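1. quick one, structure for this:
(2 chains)
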2 protein chains.
Amino acid sequence: MRIALDAMGGDNAPVETIKGAIKALEEIEDLELVLVGQKEIIEQELSKYNVDKNKIQIVDAREIIAMTDDPVAAVKGKKDSSMNRTLELVKDGRVDASVSAGNTGALITASQLKLKRIKGVMRPAIATMFPNKKGNMLLLDAGATADCKPEFLNQYAMMGAKYLEILLGRKNPTVGLLNIGTESGKGNEVTRGAYELLKQNEKVNFIGNIESTEMLNGDVDVVVTDGFTGNMVLKTSEGVAKFILSSMKSEIEKSFIYKLGALLIKPALKTIVKKMDSSEYGGAIFLGLNGISIKAHGNSDSIAIKNAIKVANKFAQMKFIDELKKIIVIEDKEEI
Amino acid sequence: MRIALDAMGGDNAPVETIKGAIKALEEIEDLELVLVGQKEIIEQELSKYNVDKNKIQIVDAREIIAMTDDPVAAVKGKKDSSMNRTLELVKDGRVDASVSAGNTGALITASQLKLKRIKGVMRPAIATMFPNKKGNMLLLDAGATADCKPEFLNQYAMMGAKYLEILLGRKNPTVGLLNIGTESGKGNEVTRGAYELLKQNEKVNFIGNIESTEMLNGDVDVVVTDGFTGNMVLKTSEGVAKFILSSMKSEIEKSFIYKLGALLIKPALKTIVKKMDSSEYGGAIFLGLNGISIKAHGNSDSIAIKNAIKVANKFAQMKFIDELKKIIVIEDKEEI
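-> As a prediction, this is how the structure comes out:
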């Protein structure tokens, strides 16, 4: 597969993006990468590595969208930005998928603008895998659309279920509506409305409201929420995990016995940290667009970039967009 | 102080509520408790303990509001419920404060109905202490009002800051707006509107948006959000903490060396678990009402009940409502 990487996107670009690209080339067979950004900077970074030049192409783009730029203004103003150029490669069919760790709002705007929504999709959603007790689950929307209508959530449920069916082969995945109570009347206007729609939606294996206390128990495959709440839940999880680990470290510092104990269980702790580390999950996809645009975390290191490229590669191999389009067209016909 | 306890409220009532009451009487000086609920059941539970009968009074209430009852219907329909009777004791000035672990929605409804809002307060908020790296902070609204307007959040900021000033003596506490980005334009309609109001509010030491990844770093004293998001963040934190601890347990089970290491650091782990345990924080207060109504967690055990009684006792000792009223009246006058 041929993947475009926004080499200038993210807090740690271009050093970590290029390093991640090199790692991806080492790990993934038959991968070709198109690195998009300021040519001389990319070449300088690449000179650090011993790399097969046949597998890398550089596409020059002179502008950079900063993490603090206004999303819409940046995408429309910086036409020659690495992000815009990256997505144009997807749009023009010159690559099979793209990855960017840049400004989330801008990437949402640029992805929608360049790739356009699949016909019938009201809003795209960021769908991201999340660890749970039985393995993992899909959470969406993780931050594409902050102000949602119940109808959007109903579509997210369908798209999320199809994602798991197609990409991971899960049959008839369960869908839960993220809420602050399990009873049907609970929540805010959006969740109450979405509950009614999902209850009536025969195409979705809806199991009702799910609270975030229970979300990680592994009883639900797809967790649907609005983009504000989804993003909040992701960031809260990250914050709490960091807090627990740092509390643990400072407790352990207090005694020699603790230090010894910590040394013994260190490999076990590392497994947990790895499980909780968002960079291990690589990337999130914008679900509902005519092309594969993978969002890596803004503070991605090279491992996170490599994993995002892996995800993009897998989506491309599975011809995910074609599969999703087919399904959505069928759904449309069924509804008429 | 004289505190009323809804003996029938919560998942573990009346066994744990009564046990918590006994613990509170053992720990808190000059405490008198009024236990509200079905007299014969309370007496039966009390008979398990050796208790100073001068410090306990029972107020009979025949009905119980279940955790699954519709809040408004239950409060209006079950007039002789332990929850209603408990709050009437506060309203009539027969006790200084009250505690209930019952149905949150019902307690919000009953508290508002019986105690009424302080003049000028648009919506009450549930304010709850939350651990962070430097000690703790106040989070509100933790679930009283799911659908909020920006104006509500602006008031929560003022009430939350006063809470910390009066109860904990923190001078000019910092206030952050919980959001999914730090820049001013980030978030949803509610946060964007609240940001503008808070920025202009000279009575609040507003430090801008705060993301939930950074919330626990200890750089902010009061975290303001709508009740849906606040409740979601609390439940997510609880879920993630549980997930990490259970993952740790199952990793440790995998080897003898890990088990030995875990044994050595067990006291350190217990400290962390205690830090994360919501029951250690006792209770949350409904901020903005003409009386002290403390909400204990629905699944409170006796320790959580005891701690909630402690909090109620402290609020009463500090004459918190009078202080809050004075401040809010002054704020009103200043604004005219």
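
2. every contact and neighbour count from this point should use C-alpha atoms.
-> Will do.

3. pick out the residue closest to the middle of chain A.
-> A:A284 (1.0 Å; CA atoms, centre = their mean).

4. name the SS class of the residue lying closest to that residue once chain neighbours are set aside, please.
-> Among residues not flanking A:A284 along the chain, A:T128 sits closest, at 4.6 Å (CA to CA, 6 or more residues apart in numbering or on different chains). Following DSSP: H, G, I helix; E, B strand; the rest coil, the label given to A:T128 is strand.

5. which residues does A:T128 contact?
-> A:L138, A:L139, A:L140, A:A142, A:G283, A:A284, A:I285 (CA atoms under 8 Å, 6 or more residues apart in numbering or on different chains).

6. in the residues you listed, which has the lowest confidence score?
-> Of all those, A:G283 has the smallest pLDDT value, namely 72.

7. contacts only, for it.
-> Listed by CA under 8 Å, 6+ apart, the contact set of A:G283 reads A:T128, A:I294, A:K295, A:A296, A:H297, A:A304, A:I305, A:N307, A:A308, A:I309, A:V311.

8. the fifth one against A:N103, yeah?
-> Read it as A:H297. No: the criterion here is CA atoms under 8 Å, and A:H297 misses it with A:N103 at 9.4 Å.

9. hmm, back to that, tell me which of the contacts of A:G283 is nearest to A:T191?
-> A:T128 (20.0 Å; CA to CA).

10. returning to that earlier point: and the contacts of A:T128, which is closest to B:V224?
-> Closest approach to B:V224 among the contacts of A:T128 (CA to CA): A:A142, at 21.2 Å.

11. chain center to the host helix or strand of A:L33, what's the gap?
-> Using DSSP states H and E, the element containing A:L33 is strand A:32-37. Strand A:32-37 has its C-alpha centroid displaced from the chain centroid by 20 Å (CA atoms, centre = their mean, to the nearest Å).

12. domain map for chain A?
-> Annotated domains of chain A cover A:1-119+A:288-318, A:122-287 [automatic domain parsing].

13. show me the contacts for the residue nearest to the centre of chain A.
-> A:I126, A:A127, A:T128, A:M129, A:I294, A:K295, A:A296, A:A308.

14. want to throw these into a markdown table with pLDDT?
-> Converted to a markdown table, these look like this (pLDDT from 0 to 100):
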| residue | pLDDT |
| --- | --- |
| A:I126 | 91 |
| A:A127 | 93 |
| A:T128 | 90 |
| A:M129 | 88 |
| A:I294 | 93 |
| A:K295 | 91 |
| A:A296 | 91 |
| A:A308 | 92 |
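
15. possible to save those as CSV with distance to A:K266?
-> Output for the contacts of A:A284, formatted as CSV (distance: CA to CA, whole Å):
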residue, distance to A:K266
A:I126, 34
A:A127, 32
A:T128, 28
A:M129, 26
A:I294, 33
A:K295, 31
A:A296, 28
A:A308, 27
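
16. who wins on neighbours among those residues?
-> Neighbour counts for those peak at A:A308, which has 32 neighbours (criterion: other CA atoms under 10 Å in any protein chain shown).

17. doesn't A:V99 make contact with it?
-> Yes: applying CA under 8 Å as the test, A:A308 and A:V99 come out as touching, 6.7 Å apart.

18. A:Q200: neighbouring residues, count only.
-> There are 12 residues near A:Q200, going by other CA under 10 Å.

19. pLDDT score for it?
-> 95.

20. all strands of chain A, in order?
-> A:2-6, A:32-37, A:56-60, A:97-100, A:125-132, A:135-140, A:174-179, A:205-211, A:222-224, A:283-287, A:293-296 (DSSP state E).

21. nearest to A:E323, out of these?
-> It's strand A:283-287; of those, that one is closest to A:E323 (CA to CA) at 12.2 Å.

22. CA atoms only: put that closest one into CSV for me.
-> The C-alpha trace of strand A:283-287 is given here as CSV (Å, rounded to 0.1, in the frame of the first residue of the first chain):
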residue,chain,number,x,y,z
GLY,A,283,-4.6,6.3,15.1
ALA,A,284,-8.2,7.1,14.8
ILE,A,285,-10.2,7.3,11.6
PHE,A,286,-12.6,9.9,10.3
LEU,A,287,-15.5,7.7,9.7
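
23. just checking: what are the partner strands of that strand?
-> Next to strand A:283-287 in the sheet, as set by DSSP bridges, lie strand A:125-132 (antiparallel), strand A:293-296 (antiparallel).

24. closest one to B:T191 among the ones you listed?
-> strand A:125-132 (20.3 Å).

25. what's the angle from the closest one to strand A:135-140?
-> 160 degrees (axes from the mean of the first three to the mean of the last three CA atoms, to 10 degrees).

26. number of nearby residues for A:A316?
-> 21.

27. and the closest residue in space to it that isn't next to it in sequence, how far from A:A312?
-> Counting by CA to CA, 6+ apart, A:D96 is the residue found nearest to A:A316 once chain neighbours are left out, at 5.7 Å. Relative to A:A312, A:D96 is positioned 8 Å away (CA to CA, to the nearest Å).

28. common neighbours of these two, please.
-> With CA under 8 Å, 6+ apart, A:D96 and A:A312 have common neighbours A:I3, A:I292.

29. quick check, nearest of the contacts of A:A284 to B:E26?
-> Among those, and counting by CA to CA, the member closest to B:E26 is A:M129, at 48.9 Å.

30. what residues are up against the closest residue to the closest one other than its chain neighbours?
-> With CA to CA, 6+ apart as the criterion, A:M129 has its nearest non-adjacent residue at 4.5 Å, and that residue is A:L138. Counting by CA under 8 Å, 6+ apart, A:L138 makes contact with A:A127, A:T128, A:M129, A:F130, A:G160, A:L164, A:D221, A:V222, A:V223.

31. brilliant, that's me finished.
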